[in-house]
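Undergrad: how would this look folded up:
(one chain, ligands or ions: 1)
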Amino acid sequence: MTDTWDTIADWYAERLRKGSAMHEFARDILLEQMPDDLTGLRIVDLGCGEGIVARALALRGAGVRGVDLSPRMIAHAWIAEAEHPTGAVYTVDDGCSLATIGDGTADCVTAGLSLNNVVDLKAALAAVERVLLPGGRLVFTIPHPCFEAPGAGWAPETVDDDPPDSRRRRRTVGDYLSEGFWRSGNPEGFRRAGNQHRTLSTYLGALLDQGFALEAIAEPAPPEPLRAEQPLREGLPPFLAATVRREG
Ligand SMILES: C[S@@+](CC[C@H](N)C(=O)[O-])C[C@H]1O[C@@H](n2cnc3c(N)ncnc32)[C@H](O)[C@@H]1O
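TA: Numbers count the residues shown, from 1 in each chain. Next up is the predicted model:
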């Protein structure tokens, strides 16, 4: 069977429930782009998965609707909500249309590690622009395209350290310019469900074409819990986080 986000949803939800330093870091750097107090804000969480970001936003006071293409992910989000209520609500919907969300009804759209999964980025950004109020913001994280490209990996040994340091293996870039769908061959990897690789200029160009203005961008260093799990990641930002504003 070919893996999809829906077929791996049970596994994904269980991994996050046990605690995933990588996903908690991705959630936290998205939250860092936002005010602490979100009371009264209406937020759509695009590609909410099992709700890790949506729950955190709701606990800061926002009214949150998480949407995801995967019914099984949405089922897990409701299970988590039933266990620890936050007020977040969830709907199966395609982020490329956001058909369940009215025009100009959201102060903010968040997209944690999901824009890199939508098949049609242009359509997703048009849908985000449609549902946002004028001046509303899109806050998103994506795997850093420069370091998480198809075929990225770890070089067997360091050749350029002075003095040589055989303990430090370096990241290999992979096929940065090969845009499109790819999936990790790692049967235990999160991206065995696939991922749409796009270059930085494709992301930024699509945002500019849709009329968004860049407000903030960050490439945070991995924190201690993530470095403890994956020491080779030290010195590399696994994610890119950004905030863009809908003009007018
Ligand atoms: C890496 S997971 C991230 C989930 C969650 N935001 C998190 O941080 O754990 C990517 C999610 O994007 C969802 N997704 C992929 N394509 C989508 C689309 N067109 N519309 C809505 N969700 C989509 C997948 O079903 C999956 O739940």
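Undergrad: show me what contacts the residue nearest to the spatial centre of the chain?
TA: Most central in the chain under C-alpha atoms, centre = their mean is residue 113, positioned 1.4 Å from the mean C-alpha point. By C-beta atoms under 8 Å, 6 or more residues apart in numbering, the contact list for residue 113 reads 23, 26, 47, 49, 141-143, 239. (C-beta placed from N, C-alpha, C; glycine too.)
Undergrad: what does residue 122 give?
TA: Listed by C-beta under 8 Å, 6+ apart, the contact set of residue 122 reads 206, 209-210.
Undergrad: got these as JSON lines, with pLDDT and secondary structure columns?
TA: JSON lines is the format used below for the contacts of residue 122 (pLDDT from 0 to 100; DSSP: H, G, I helix; E, B strand; the rest coil):
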{"residue": "206", "pLDDT": "98", "secondary structure": "helix"}
{"residue": "209", "pLDDT": "97", "secondary structure": "helix"}
{"residue": "210", "pLDDT": "97", "secondary structure": "coil"}
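Undergrad: between these, which is nearest the ligand?
TA: residue 206 (14.8 Å; C-beta to the nearest ligand atom).
Undergrad: circling back to that earlier point, out of the contacts of residue 122, which end up buried?
TA: Taking 16 or more other C-beta atoms under 10 Å as the criterion, what is buried in these is 206, 210.
Undergrad: which residue does the chain have closest to the ligand?
TA: residue 49 (2.6 Å).
Undergrad: which residue, neighbours along the chain excluded, lies closest to that residue?
TA: residue 73 (4.9 Å; C-beta to C-beta, 6 or more residues apart in numbering).
Undergrad: let me know whether the one you found touches residue 12 as I believe.
TA: Yes: using C-beta atoms under 8 Å, residue 73 is in contact with residue 12, at 7.3 Å.
Undergrad: joint contacts of the two?
TA: Contacts common to residue 73 and residue 12, judged by C-beta under 8 Å, 6+ apart, are 5, 49-50.
Undergrad: could the residues you listed go into CSV alongside neighbour count?
TA: Below are those laid out as CSV (neighbours: other C-beta atoms under 10 Å):
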residue, neighbour count
5, 19
49, 25
50, 29
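Undergrad: could those be laid out in JSON lines, adding distance to residue 183, secondary structure and pLDDT?
TA: Output for these, formatted as JSON lines (distance: C-beta to C-beta, whole Å; DSSP: H, G, I helix; E, B strand; the rest coil; pLDDT from 0 to 100):
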{"residue": "5", "distance to residue 183": "11", "secondary structure": "coil", "pLDDT": "96"}
{"residue": "49", "distance to residue 183": "17", "secondary structure": "coil", "pLDDT": "98"}
{"residue": "50", "distance to residue 183": "20", "secondary structure": "coil", "pLDDT": "98"}
